[in-house]
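**Q** Structure for the following, please:
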Amino acid sequence: MTAVEPTPLSAHPGNALIGDIAVPGDKSISHRAVILGSLTIGATRISGLLEGEDVLGTIGAARQFGAHVDRSEDGSWVIEGFGTGGFSPPEDVIDCGNSGTGVRLLMGAMATSPVTAVFTGDSSLRNRPMGRVLGPISKFGANCIARLDRYLPATIVGADDPVPVHLELEVPSAQVKSAILLAGLNAPGRTVVTERVQTRDHTENMLALFGASVEIEECGGGRAISVGGHAELIPQTLTIPGDPSSAAFPATAALLTTGSKITVRGVCMNPTRIGLFATLQEMGANLRFENRRSECGEEVADIGAEFSTLAGVEVPPERAPAMIDEYPILAVAAAFAEGKTVMNGVQELRYKESDRLHAVARGLEACGVQVEEDEDKLIVFGNGPNGVKGGATCRASADHRIAMSFLCLGLASELPVVVDDTKSIATSFPQFARLMASIGADIR
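**A** Sure, this is the predicted structure:
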C-alpha cells in the first residue's frame, strides 16, 4: 500500500479576524438525518447537510443497505428510504472511515433487521472501543462478532425475532443511547434507555420530528427515554443548522486574536451542545447570541464573538457531555487566559479519534504553556492575552479537532504554529482553511 503524504499547515499571527460567516451543517444531526431518512418510505429532502468525509461515509452505508441517496443541483440531498426494518444485505464491507458516530448508529439501526453486515474504518476508528454498543445491541437478539470482542472490524448478524430492551447507561454516551433507540424502532413494544447524566438529545428530537413515538420521563435525577417499536416514520424536508462544534473554532480564535470581531450565522444552540460557550462566558468572553429561531427541531442563533481578556475557571465534570468535542479548543483558550483552568471529568477524551488529553497537553507544552494531566483531568496554566509563544510543530494525531485547535492557537501566538498533518480536518470541516482565510486568518 502506498503511504499517504501528510498535509501540514501553518498558522501565522498578526491579522484581526473580521466578518460574517456560516459554518457547515451539524455533523451529529446530519448523520441522524441520513439514517432516519433511510428508515422512511418516501422522499426526505435535506438542505445544509454536512458534506464532510464522516457523513459521506454514512451516505455510502445507507446506499449499501438499500436507500437511494442523491445530491441535487441546488446542493440539497434527497433520500428515498426503505422503511423501518427494510434493510437489504450489503454486498461489501461497510467502511465508516473515521466516524465513531456513523458506525455506532448504523450498527444500532440494523441490529433488529435480519441482515448481516461487516463494519470497519480507518486505523483510528479500528482502535476505538465498540463494546459499549455491541453489548447493548446484542440484547435485542443480534449476534455481534468483533476483533478482540470490542474493536472493528465487527460483524453484526441482525436479530430475526428482536425483543425490546430496557437499559441503563453506565457511561454517558449519546452514541450508545442513539444506537439503542434506533434498534428499538424495529423491535416490538417499547425500548427504554435511562441515562443518569443527560447527553445530546438530537436523536430524540429527530425521532419525534419523523413521527416516532418518543416519551421522556425524569427519574431519580436522570432521564428515561423510550421509543415505540414497529415504527412507521414519515419523510421530512429538513434544513440542517450550523455545527456548534465547528463554530467553536472561528469563535474562539476571534476571542483570542487582538482586534477581532466576527459573527457566525445559524448555529445550533441545543442545550446539550453549548457547554463550551457557557464556559467561555464564565471566563469573560464577549459572546452574543442573536436572532434566535428554530430549524430542524433545534434552537438556532447567530453567534457574535470579539477579542476578550479571559480568566481561568474550573469546569465541572457534569458539563463534559455538553462539550466533549470542544475541550481541545477550550484548552487553547485557557492557554491565553489569566490563571489556571481546570477541566474535570474528561476521561472520555482518551477514547475519541485520538487520546485528546495527551495530544492537547503535548501540543500546548511545545508552545510554551504549562499543563498538568491525569487520567480524567486537564489543568492549563494560562499565559494571559498575547502570552503564548508558539513557534512549534504540533502533532494532530489524525484528529480533526486537534488539528484545528492548534491552527487557531497559531493565529494568536507570538510565533507561527505548524500542524504536522491536517488531512483529518476533511472529516468534519473541509472548508475550514478557506473559511478562516475569508475573515483574515493567515493559514498556509
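**Q** neighbours of R292, just the number please.
**A** R292 sits with 10 neighbouring residues when counted by other C-beta atoms under 10 Å. C-beta coordinates here come from the backbone N, C-alpha and C atoms, glycine included.
**Q** Use 38 as the first number for this chain going forward.
**A** Right, with 38 as the first residue, what we last looked at is R329.
**Q** Sketch out the low-pLDDT regions of the protein for me.
**A** Applying pLDDT under 70 to the chain flags residues 38-41, 390.
**Q** For it, which segments count as helices?
**A** For the chain, the helices defined by DSSP state H cover 64-75, 90-101, 137-147, 168-175, 211-221, 239-246, 281-293, 312-319, 364-372, 393-403, 437-449, 469-475.
**Q** For the fifth one, which residues meet the burial criterion?
**A** So the one you mean is helix 211-221. By 16 or more other C-beta atoms under 10 Å, the buried positions in helix 211-221 come out as A211, Q212, V213, K214, S215, A216, I217, L218, L219, A220, G221.
**Q** what's the span of stretch 429-443, first residue to last?
**A** End-to-end span of stretch 429-443 (C-alpha to C-alpha, to the nearest Å): 10 Å.
**Q** next one: stretch 221-230
**A** Stretch 221-230 has its terminal residues 10 Å apart, counting by C-alpha to C-alpha.
**Q** Pick the one among the buried residues of helix 211-221 closest to R330.
**A** Using C-beta to C-beta, A211 is the member of these that lies nearest R330, at 23.7 Å.
**Q** Might you report the residue contacts of that closest one?
**A** A211 is in contact with S65, T236, R237, D238, H239, T240, T309, P358, counting by C-beta atoms under 8 Å, 6 or more residues apart in numbering.
**Q** picking up where we left off before, out of the helices of the chain, flag the one nearest A342.
**A** Smallest distance to A342 across the helices of the chain (C-beta to C-beta): 4.2 Å, for helix 281-293.
**Q** Run the angle between the closest one and helix 364-372 for me.
**A** Interaxial angle, helix 281-293 versus helix 364-372 (axes from the mean of the first three to the mean of the last three C-alpha atoms, to 10 degrees): 10 degrees.
**Q** and helix 281-293, what does it pack onto?
**A** Contacts defined by 3 or more C-beta pairs under 8 Å, 6 or more residues apart in numbering; DSSP states H and E place helix 281-293 against strand 298-305, helix 312-319, strand 323-332, strand 335-343, helix 364-372, helix 437-449, helix 469-475.
**Q** can you redo the ones you listed as CSV with distance to G195?
**A** Output for the helices and strands packed on helix 281-293, formatted as CSV (distance: least, C-beta to C-beta, whole Å):
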stretch, distance to G195
strand 298-305, 32
helix 312-319, 35
strand 323-332, 34
strand 335-343, 30
helix 364-372, 35
helix 437-449, 31
helix 469-475, 37
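**Q** List just the one of these that sits closest to G158.
**A** Of all these, helix 437-449 comes closest under C-beta to C-beta, at 14.3 Å.
**Q** could you give the angle of the closest one to helix 281-293?
**A** Going by the same axes, to 10 degrees, helix 437-449 is angled at 20 degrees with respect to helix 281-293.
**Q** Distance from helix 437-449 to the middle of the chain?
**A** Averaging C-alpha positions (C-alpha atoms, centre = their mean, to the nearest Å) puts helix 437-449 17 Å from its chain's average.
**Q** swap in stretch 309-329?
**A** Here stretch 309-329 is found 18 Å from its chain centre; the criterion is C-alpha atoms, centre = their mean.
**Q** returning to that earlier point: export the buried residues of helix 211-221 as JSON lines, with columns for distance to I277.
**A** Listed next are the buried residues of helix 211-221 as JSON lines, based on distance: C-beta to C-beta, whole Å:
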{"residue": "A211", "distance to I277": "17"}
{"residue": "Q212", "distance to I277": "18"}
{"residue": "V213", "distance to I277": "23"}
{"residue": "K214", "distance to I277": "20"}
{"residue": "S215", "distance to I277": "16"}
{"residue": "A216", "distance to I277": "21"}
{"residue": "I217", "distance to I277": "24"}
{"residue": "L218", "distance to I277": "20"}
{"residue": "L219", "distance to I277": "18"}
{"residue": "A220", "distance to I277": "24"}
{"residue": "G221", "distance to I277": "24"}
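**Q** give me the number of residues near the residue nearest to P201 when sequence neighbours are not counted?
**A** Excluding the flanking residues, the one nearest P201 by C-beta to C-beta, 6 or more residues apart in numbering is G226, at 4.1 Å. Counted by other C-beta under 10 Å, the residues lying close to G226 total 14.
**Q** for T77, same thing?
**A** Using other C-beta under 10 Å, T77 is surrounded by 24 other residues.
**Q** hang on, it packs against F247?
**A** Yes. Counting by C-beta atoms under 8 Å, F247 is a contact partner of T77 at 6.7 Å.
**Q** hang on, the earlier thing: figure out which of the helices and strands packed on helix 281-293 is closest to R141.
**A** For R141, the closest of the helices and strands packed on helix 281-293 is helix 437-449, at 17.6 Å, according to C-beta to C-beta.
**Q** Out of the contacts of A211, which two sit at the greatest distance?
**A** Distance extremes for the contacts of A211: the farthest pair is T240 and P358 at 13.8 Å, using C-beta to C-beta.
**Q** between those two, which one's more packed in?
**A** Shown here are T240 and P358; by other C-beta under 10 Å, T240 has more neighbours (30 against 20).
**Q** ok, now which ones touch the nearest residue to that one once chain neighbours are set aside?
**A** Counting by C-beta to C-beta, 6+ apart, S215 is the residue found nearest to T240 once chain neighbours are left out, at 4.0 Å. Applying C-beta under 8 Å, 6+ apart to S215 gives the contacts R69, R141, L142, G145, H239, T240.
**Q** Can you name the residues that contact the second one?
**A** The one in question is R141. By C-beta under 8 Å, 6+ apart, the contact list for R141 reads M167, V170, Q212, V213, S215, A216.
**Q** again, only using 6 Å
**A** Neighbour list for R141: V170, Q212, A216 [criterion: C-beta atoms under 6 Å, 6 or more residues apart in numbering].
**Q** Can you tell me which of those is nearest A478?
**A** Among the contacts of R141, and counting by C-beta to C-beta, the member closest to A478 is Q212, at 31.6 Å.
**Q** and that closest one, what does it touch?
**A** Counting by C-beta under 6 Å, 6+ apart, Q212 has contacts T138, R141.
**Q** One more: P281?
**A** P281 sits next to V304, C305, R310 when contact means C-beta under 6 Å, 6+ apart.
**Q** E252 touches S263, doesn't it?
**A** Yes. With contact defined as C-beta atoms under 6 Å, E252 reaches S263; the gap is 4.8 Å.
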